[in-house]
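Undergrad: A predicted structure for the sequence below; I have some questions about it.
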Amino acid sequence: MQTIIKIFAPIMTLLEESPSGKIDLHWREKLEEEIGELRSARLKNDILGALTEAADVAYYATKGLAAGDIAPSAAVKFVMDETAGMNLGLSDVVRACVAKYKLRFAANKLGVGKNDLAERRAVAAVLLPRLEARMGTMDPLGSVDEQTAWDAAMDQRDALRETLRADA
């Protein structure tokens, strides 16, 4: 249990900077909305959109954890159930969440507001090296499941690279 709490610690720290505060009484409704957006992005094959929505799911699951409304294992379940098959570990989603929301909170302080493209780029920059490292351990010629995972990873890698190239 302590390990799970440590994994969410970077988001917990980030919640201290949240304009809406650490505790959000409407976290559950917002989490359900973000889960819907994540599922929608996946259905549209919007790979980077799904990755950024996964960050939102982690953010609101952590809000529930901070409010004391859910156990750490439930927060993990929310995140991992919704990201199954996305080549993401929990630590990947946490890193993506921190990158996205640090950028958003900094923009809020400057009075700029939400910038979806910049947030997508921040998530891509954090996840691309981790995905490429994971791909180094995959067998693209292995079983059908391994080939499917490889193909999905290639699609993710291409989407992340394309987003970062657009930034150059």
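TA: Looks like it came in fine.
Undergrad: against which helices or strands is the biggest helix by length in the chain packed?
TA: The longest helix of the chain (DSSP state H) is helix 144-167. Where contact means 3 or more Cβ pairs under 8 Å, 6 or more residues apart in numbering; DSSP states H and E, helix 144-167 is packed against helix 47-66, helix 116-135. Placement of C-beta: from N, CA and C, glycine included.
Undergrad: tilt between the last one and helix 144-167?
TA: Here helix 116-135 runs at an angle of 140 degrees relative to helix 144-167 (axes from the mean of the first three to the mean of the last three Cα atoms, to 10 degrees).
Undergrad: which parts of helix 116-135 are buried?
TA: Going by neighbour count (16 or more other Cβ atoms under 10 Å), the buried part of helix 116-135 is 119-124, 126-128, 130-131, 134-135.
Undergrad: and the furthest pair within those residues?
TA: Using Cβ to Cβ, the pair of the buried residues of helix 116-135 lying farthest apart is 119 and 135, separated by 23.9 Å.
Undergrad: burial of residue 67, as a residue count?
TA: 14 (other Cβ atoms under 10 Å).
Undergrad: my guess is it contacts residue 27. True?
TA: Yes. Residue 67 lies in contact with residue 27 (Cβ atoms under 8 Å); the separation is 6.2 Å.
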